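Undergrad: give me a 3D structure for the following:
(chains A and B)
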Number of protein chains: 2
Amino acid sequence: MTPATPPPESAPLRSDAERNRGRIIAAARTVFEREGLGASMASVAREAGVGIATVFRHFRIKEDLVAAVFADRMDAYVDAVNEALDAADPWEGFSGFIEAICAMQAADRGFADVLTMTFPTAQAMEERRSEAYQGFLRLIARAKDDGRLRADFTSQDLVVLLVANAGVVNFAADAAPDTWRRFVALMIQAFQAPAHGPLPDPPKDDALYEAMLRTSAAGLTTPPRGT
Amino acid sequence: MTPATPPPESAPLRSDAERNRGRIIAAARTVFEREGLGASMASVAREAGVGIATVFRHFRIKEDLVAAVFADRMDAYVDAVNEALDAADPWEGFSGFIEAICAMQAADRGFADVLTMTFPTAQAMEERRSEAYQGFLRLIARAKDDGRLRADFTSQDLVVLLVANAGVVNFAADAAPDTWRRFVALMIQAFQAPAHGPLPDPPKDDALYEAMLRTSAAGLTTPPRGT
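TA: Residues are numbered from 1 along each chain as shown, chains lettered A, B, ... in the order given. Below you'll find the model as predicted:
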């Protein structure tokens, strides 16, 4: 199990490997955009012009490929939280963050779905998600302290909003691409204090996590939708 | 093309045909519940214990079978509007109707999806949908006149809510089945006057119709999700 010392001729090989890796990620981005996350590794290999064994050598399971494709989106997600925490007005920070990530969902339907999933084996991705989550908890606390966010808002409400907005984005995508804007504006107004009344309890975190796991499993294995 | 006079021995045949029709509808209900609307006519035939030719003799296209399976739900949908119109309090009528149909979505994921689709060839079904729509327009007018519904609410907002709630219901189904209740309560509070602010414009009716058509086409042809 000890890694062998690389022989001197491995340098060009390694750079070939890196080129292939980049090509596979770019191909996967295209294929996921066209066919959804249910696209097969074989489709990705075809698009990249490499053999399927090469794809599997770089990405043992599809979760790893998904994580690589959406790594920059996850970075942007964390950046959006941090920017929102820098906003002088806590409510502007909170509501601006919600708008920003819903806009990211609208701009990339694959990412819209990824935000409603969880990939326990894709550690780097889940660390980013957890980082964003911690920041979001601070955003919530600030906006509540300021009295503009309803006191019974919970982090689960964001998960549910992202799920609902993924549905809206996937539904309206080409025919009415701005539909999400009004929907998200309504949700933000619903979150704003003073509230019109009490709410039923939010789902428990572990139940939501279970739902995200099931969504991932279904999303990665379902053959792509016809267009 | 003139229909032949039925021979006397056709009476038992006709009642056989009716039995088969009922059996196919019941089988389709089971299969759609288990596999979604993407289930094949062959699956339905297997479940019903009849040949696939028999299925196609009764239901020329899958739209017709979907319409037959959900006919009673569409009736309940129209009933819900009419009951809401009878409510003494216009806002209770309006918000009670929204809750009732979202509850119908939660109780039947197939129907949750059907409400975000349109089936131009299934005339009886579309007539029911149009009947419900006309009643809903009256519900809106009453609740606005009463000052409890925000003045900029439009019928398109209901379509978008049904799409979003179908997403929530499909996501949370088994793991957190009550998630829709809080989500729908938030939406109803967002609809309630006084509004916290203005909203972006709603999607145009023809764009929403186009999105519903595409959703139907995708939903009826996509192979079922794994479970």
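Undergrad: so who does the spatially closest residue to A:Gly147 that is not a sequence neighbour touch?
TA: Leaving out its chain neighbours, the residue that sits closest to A:Gly147 by Cβ to Cβ, 6 or more residues apart in numbering or on different chains is A:Ala193, at 6.0 Å. For the C-beta atoms, the positions are set from N, CA and C on the backbone; glycine is no exception. The neighbours of A:Ala193, taking Cβ atoms under 8 Å, 6 or more residues apart in numbering or on different chains as the test, are A:Gly147, A:Arg148, A:Leu149, A:Arg150, A:Ala151.
Undergrad: residue of chain A nearest chain B, please.
TA: The nearest approach of chain A to chain B comes at A:Gly167, 2.4 Å away (Cβ to the nearest Cβ).
Undergrad: which SSE is that residue in?
TA: In this assignment (DSSP states H and E), A:Gly167 forms part of helix A:155-172.
Undergrad: most surrounded residue in the contacts of A:Ala193?
TA: Compared across these, A:Leu149 has the highest neighbour count, 23 neighbours, by other Cβ atoms under 10 Å in any protein chain shown.
Undergrad: burial check on the closest residue to that residue other than its chain neighbours, number of neighbours?
TA: Using Cβ to Cβ, 6+ apart and skipping residues adjacent in sequence, the residue nearest A:Leu149 is A:Ala143, 3.7 Å away. Counted with other Cβ under 10 Å, residues neighbouring A:Ala143 total 26.
Undergrad: any buried residues in the helix holding A:Gly167, and which?
TA: Buried residues in helix A:155-172, counted by 16 or more other Cβ atoms under 10 Å in any protein chain shown: A:156-172.
Undergrad: thinking again about what came up before, phi, psi for the residue nearest to A:Gly147 please.
TA: A:Ala193 adopts backbone torsions of phi -80, psi 150, taken as degrees, to the nearest 10.
Undergrad: now the contacts of A:Ala193 as CSV including pLDDT?
TA: Putting the contacts of A:Ala193 into CSV (pLDDT from 0 to 100) gives the following:
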residue, pLDDT
A:Gly147, 98
A:Arg148, 97
A:Leu149, 98
A:Arg150, 98
A:Ala151, 98
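Undergrad: from those, which two are the most distant?
TA: Pairwise distances among the contacts of A:Ala193 were taken by Cβ to Cβ; the largest, 10.8 Å, belongs to A:Arg148 and A:Ala151.
Undergrad: pLDDT weak spots in chain A?
TA: A:1-13, A:222-227 (pLDDT under 70).
Undergrad: quick one, what contacts the residue sitting nearest the centre point of chain A?
TA: Centroid-nearest residue in chain A: A:Leu115, 3.2 Å away (criterion: Cα atoms, centre = their mean). By Cβ under 8 Å, 6+ apart, A:Leu115 lies in contact with A:Tyr77, A:Ile101, A:Gln105, A:Leu162, A:Ala166.
Undergrad: also A:Arg73?
TA: Contact partners of A:Arg73, counting by Cβ under 8 Å, 6+ apart, are A:Met104, A:Asp108, A:Phe111, A:Val114.
Undergrad: in the helix or strand hosting the third one, what's buried?
TA: In this structure, A:Phe111 is located in helix A:109-114 according to DSSP H and E. Within helix A:109-114, the residues scored as buried using 16+ other Cβ under 10 Å are A:Arg109, A:Gly110, A:Phe111, A:Ala112, A:Asp113, A:Val114.
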